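1. Sequence plus predicted model, see below.
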Amino acid sequence: MVYRFYKKYLPGLFVLMIFMNAYGYNHPPNVPPAPKGPSRGKVNKEYRFLFTYPSDPDNNPVSIQIYWGDDVGCWSIFVASGARSLIKYRWSTPGYYCIKYRARDIRGAKSDWSTPHMIRITNDPPYKPDSSKIQGPRRGKVGRKYTFTASTIDPNNDKIAYRFRWREAKGGGRIYKWGPWTQSGSLVSKSLSWGLPGRYRVYVQAKDIHGAKSNWTTYHFTIIIDPED
């Protein structure tokens, strides 16, 4: 029985031993340590993370691939194990992100993923539009359209939309729909009109592409509407 086993499998084992002796058995790289970096951040702002190329049991050069929580990067170039690399990344959407990476040796053997590093990305609303910078006429006529302009800045450099509203001394008023998206800091305009004479206060509010809203302007811009001649 033993003779039959060797007769059947010995040629294959012999070939395998020759192959392993010629090329060597390859081991995957060790699991890399967890990346290092901040645990909190803001949207659209770059942050740096430290990645360490792990050691390889066969002393092969290694490459790394990073998972950023919302995207998987390409494999890096092959370098000696133990090297370190600072890599920048930014997120455009608020949320919690899990950052991890793995290694690959020059023969294609891959390690497991590293222990993840968590980061929380938050978003700030636009600054409240400056009432002193709202531009428009101080007096007008019933039924005529008048253009008002305003602007503000988003601390995360997100695009901004604006909406206007007016109120009268008696308590009535109107809120207009949100306007189109514009770049942070851009000047926007809105045409307003009134059907009755009176004294009207104009306010402005901004929001970013994530839905975060500023407060309404604190101090109002006043326009007096006179009856039509």
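-> Nice, I can see it. Every value quoted in this text rests on a predicted model; they were computed, and no experiment measured them.
2. Name all residues that make contact with Ser132.
-> By CB atoms under 8 Å, 6 or more residues apart in numbering, the residues touching Ser132 are Tyr219. Heads up, the C-betas are built off the backbone N, CA and C, glycines and all.
3. Am I right that it is in a strand?
-> No: looking at Ser132 with DSSP: H, G, I helix; E, B strand; the rest coil, it is helix, so not inside a strand.
4. Report the beta-bridge partners for Ala103.
-> Ile64 (DSSP bridges).
5. my guess is it contacts Asp112, does it?
-> No: using CB atoms under 8 Å as the test, Ala103 is too far from Asp112 to be in contact (9.2 Å).
6. ok, these two, which is more surrounded?
-> It is Ala103, of Ala103 and Asp112, that has more neighbours when counted by other CB atoms under 10 Å, with 28 against 13.
7. Read off the pLDDT value for the more buried one.
-> As predicted, Ala103 sits at a pLDDT of 97.
8. Find residues that contact each of Ala103 and Asp112.
-> In contact with both Ala103 and Asp112: Val31, using CB under 8 Å, 6+ apart.
9. Quick check: the closest residue to Ala169 other than its chain neighbours vs Pro61, distance?
-> Of all residues not flanking Ala169 in the chain, Arg199 sits nearest, at 5.5 Å (CB to CB, 6 or more residues apart in numbering). Look at Arg199 and Pro61: by CB to CB, to the nearest Å, they are 76 Å apart.
10. Specify which residue of the two has the higher count of neighbours.
-> Using other CB under 10 Å as the criterion, Arg199 and Pro61 rank with Pro61 on top: 17 against 12.
11. Is that one in contact with Phe78, as I believe?
-> Yes: counting by CB under 8 Å, Pro61 touches Phe78, with 3.9 Å between them.
12. Find residues that contact each of those two.
-> Ile106.
13. what's near enough to touch the residue nearest to Ala169?
-> Contacts for Arg199 (CB under 8 Å, 6+ apart) come out as 168-169, 222-225.
14. any idea which of these has the most stuff around it?
-> Going by other CB under 10 Å, Ile225 tops these with 22 neighbours.
15. how would you label that one: helix, strand or coil?
-> Secondary structure, three-state DSSP: Ile225 is strand.
16. where does it land on pLDDT?
-> 83.
17. out of everything not next to it in sequence, what's closest to it?
-> Trp194 (4.6 Å).
18. mind listing the helices for the chain?
-> Using DSSP state H, the helices of the chain run over 2-23.
19. Break it into its domains for me.
-> 28-122, 131-226 (automatic domain parsing).
20. Where among the ones you listed is average confidence lowest?
-> Looking at those, the bottom one is domain 131-226 with a mean of 91.
21. Start and end of that one, how far apart?
-> End-to-end distance of domain 131-226 (CA to CA, to the nearest Å): 23 Å.
22. Also stretch 184-193?
-> For stretch 184-193, the end-to-end distance is 27 Å (CA to CA).
23. From the chain's centroid, how far away is that stretch?
-> On the basis of CA atoms, centre = their mean, to the nearest Å, stretch 184-193 sits 27 Å off its chain's mean C-alpha point.
24. Only the buried residues of it, if you could.
-> Neighbour-count burial for stretch 184-193 flags 184, 188, 190, 192 (criterion: 16 or more other CB atoms under 10 Å).
25. need the contact list for the most centrally placed residue in the chain.
-> Central residue of the chain (CA atoms, centre = their mean): Ser92, 1.6 Å from the mean position. By CB under 8 Å, 6+ apart, the contact set of Ser92 is 43-44.
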